[in-house]
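>>> my questions concern the predicted model and sequence given below.
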Amino acid sequence: MLLRKLLFNLFLISGLQLAAYAQSPLTLRQALQQVRTNSPALRIERLNINAAQADEVTANLRSNPVLNNQTLFQLNQGQPAVPVTDAPGSLSRQRRQFWLQATKEFDIHHKRDYRTRFAQASTRVAERSVAETERTILFDAANRFLDAWYARIQVVLLERARANTDTLVQLNRVRLKNLAISTTDLTRTRLLLDQYELQTRTAQQDLRNRLNELRLVLGTTDSISVAMNDSIVNPAVPNPLVLHPVALAPADSLLQLASTSRTDVGVAAATVEAAQRNLALQRVLAKPRNEAGLIWNPQNSVPYAGVFLTLELPFYNRNQGEIQKAQITQNQASQAATLVQARIRTEVSTAYESFIASRRNVERYTGIRRDADQVLASVRYAYLRGATNLIDLFEAQRSWFETQTAYYEAVYTYRQNYIRLLYSTGQINTY
């Protein structure tokens with residue numbers, strides 16, 4: 001009767017602990033959605049798009065007309081040819097020359113169009129760069145989510161082991177009164193309980209640290225908790241990839257998917273396009289500038305009118321340096337695009353092989369974990385009936401805890417590899 005009551009209390013305590021941790025559970029998909037909405041780093045990065053769009057406005061502006069005025073007064077008036085009473089004043093138009101010139105640069109080489117095209121290409125680079133930054137931030141957030149999940153798993157395992165040991169301490173106190181065990185057995189059981197309590201407090205602090213880091217990435221100050229059953233890839237399913245159609249594809253298909261949908265591929269392509277547009281712009285900027293306008297020039301009360309025309313003579317400055325730099329930038333962008341494709345092949349291949357290997361490990365540990373549960377239950381039952389000693393029970397408890405830890409480490413690695421597969425194929429942006 002006492003044993004049944006203690007076991008009932010154990011299950012009740014475990015249920016309360018799990019309920020406490022289940023407050024505000026957050027799944028991976030919800031976490032990534034919050035990152036897309038609230039991430040301070042992403043908000044800062046998105047401002048680059050607005051800045052690039054402002055450059056488009058500047059590039060599309062036309063040059064302003066120029067108004068020039070010169071006014072000259074005759075200083076040496078000389079001997080007047082008319083009586084003084086009828087002589088013109090110092091500021092009269094007979095003693096003044098006036099120059100009014102209105103000119104404007106005419107874009108006969110369509111330089112404004114080339115500037116606009118380059119600015120538009122730069123905006124596309126900014127947009128692709130934001131998407132690439134988002135991919136990196138989401139990958140970091142997903143790993144921090146997994147870190148918090150694994151920290152919570154460790155807390156739950158330690159609390160379960162501590163609860164089992166606490167129940168054993170209570171049982172051994174009763175058995176000591178009945179002289180069924182020695183005082184040493186009770187002391188050793190208490191020591192084991194103290195160790196689990198210390199490890200639990202350390203694991204709880206680690207969990208709080210991981211949650212704080214996750215909150216920073218999510219851009220929130222609210223209290224959060226990761227969902228225990230957000231398996232991402234569920235080890236209980238015979239073929240976990242069924243839950244994720246992307247991972248069902250073979251390695252070649254995943255490589256093709258990554259080569260076309262990854263954001264860094266988009267950045268490389270946009271950068272190549274921008275480099276080409278810049279080269280075309282620098283070449284057209286080497287064309288001579290021209291300016292034309294009208295002149296109104298009254299001289300000593302005699303009106304004159306004419307036209308104004310300037311044409312730059314490209315003897316020295318033909319924009320050689322900027323053209324050469326644009327060519328180098330274009331070559332650099334092309335080489336960077338080739339490097340991205342090579343990196344994709346390596347990353348996708350490594351992520352896919354690691355994912356498949358870790359899946360096999362989880363499948364193997366699933367059976368080992370089940371056997372460890374059965375062994376611990378059998379040894380515990382035998383100890384309570386006096387059929388074995390405390391050393392055997394401690395050994396079974398240690399083996400059970402190590403097996404559980406190894407199993408969840410395998411699951412943790414499995415989920416990490418799945419996240420890396422999403423990252424390397426570019427699918428994490430739409431997860």
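Nice, thanks for sending it over. Numbers count the residues shown, from 1 in each chain.

>>> got the residue ranges for the helices in the stretch 51-200 of the chain?
For the stretch 51-200 of the chain, applying DSSP state H, counting those that start in this stretch gives helices covering 111-177, 183-218.

>>> could you dump those helices to a markdown table with distance to Asn297, mean neighbour count and mean pLDDT?
Just so you know, the C-beta spots here come from the backbone N, C-alpha and C atoms, and that holds for glycine as well. As requested, the helices of the stretch 51-200 of the chain are exported to a markdown table (distance: least, CB to CB, whole Å; neighbours: other CB atoms under 10 Å; pLDDT from 0 to 100):
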| stretch | distance to Asn297 | mean neighbour count | mean pLDDT |
| --- | --- | --- | --- |
| helix 111-177 | 31 | 20 | 92 |
| helix 183-218 | 70 | 16 | 91 |
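
>>> adding distance to Gln416, write those out as TSV.
As requested, these are exported to TSV (distance: least, CB to CB, whole Å):
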stretch	distance to Gln416
helix 111-177	6
helix 183-218	14
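
>>> Arg318: which of these is closest?
Of all those, the one in closest proximity to Arg318, counting by CB to CB, is helix 111-177 (14.5 Å).

>>> what residues does stretch 110-127 touch?
Residues outside stretch 110-127 that contact it (CB atoms under 8 Å, 6 or more residues apart in numbering): 48-49, 51-53, 55-56, 58-62, 267, 270-271, 273-274, 276-278, 280-281, 284-285, 287.

>>> repeat the analysis, applying 7 Å as the threshold.
Outside stretch 110-127, the residues within contact range by CB atoms under 7 Å, 6 or more residues apart in numbering are 48-49, 52-53, 55-56, 59-60, 62, 267, 270-271, 273-274, 277-278, 280-281, 284-285.

>>> now stretch 37-46
In contact with stretch 37-46 (CB under 7 Å, 6+ apart) are residues 36, 130, 133-134, 137, 218-220.

>>> mind listing what's buried in it?
Of the residues in stretch 37-46, 39, 42, 45 count as buried by neighbour count, 16 or more other CB atoms under 10 Å.

>>> cool, stretch 370-381 as well?
Across stretch 370-381, burial judged by 16+ other CB under 10 Å covers 372, 376, 379-380.

>>> likewise stretch 353-373?
Here stretch 353-373 shows 354-355, 358-359, 361-362, 365, 369, 372 as buried, counting by 16+ other CB under 10 Å.

>>> just those residues: which are in helices?
Judged by DSSP state H, the subset of those located in helices is 354-355, 358-359, 361-362, 365, 369, 372.

>>> let me know the closest of those residues to Asn172.
Using CB to CB, Ala372 comes nearest to Asn172 of those, at 22.7 Å.

>>> centre of the chain to stretch 349-368, how far?
Relative to its parent chain, stretch 349-368 has a centroid offset of 27 Å by CA atoms, centre = their mean, to the nearest Å.

>>> and the gap between the spatially closest residue to Asp147 that is not a sequence neighbour and Leu216?
Leaving aside its sequence neighbours, Asp147 sits nearest to Arg210 (CB to CB, 6 or more residues apart in numbering; 4.9 Å). Distance from Arg210 to Leu216, counting by CB to CB, to the nearest Å: 11 Å.

>>> averaged pLDDT, the helix or strand hosting Gln327. What do you get?
Gln327 is part of helix 320-384 when elements are defined by DSSP states H and E. The pLDDT scores in helix 320-384 average 90.

>>> show me what that helix is packed up against.
With contacts taken as 3 or more CB pairs under 7 Å, 6 or more residues apart in numbering; DSSP states H and E, helix 320-384 sits against helix 251-261, helix 263-285, helix 390-425.

>>> pipe those into CSV and attach mean pLDDT, distance to Ala31 and mean neighbour count per row.
Shown next, in CSV, are those (pLDDT from 0 to 100; distance: least, CB to CB, whole Å; neighbours: other CB atoms under 10 Å):
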stretch, mean pLDDT, distance to Ala31, mean neighbour count
helix 251-261, 85, 22, 16
helix 263-285, 95, 20, 20
helix 390-425, 89, 12, 20
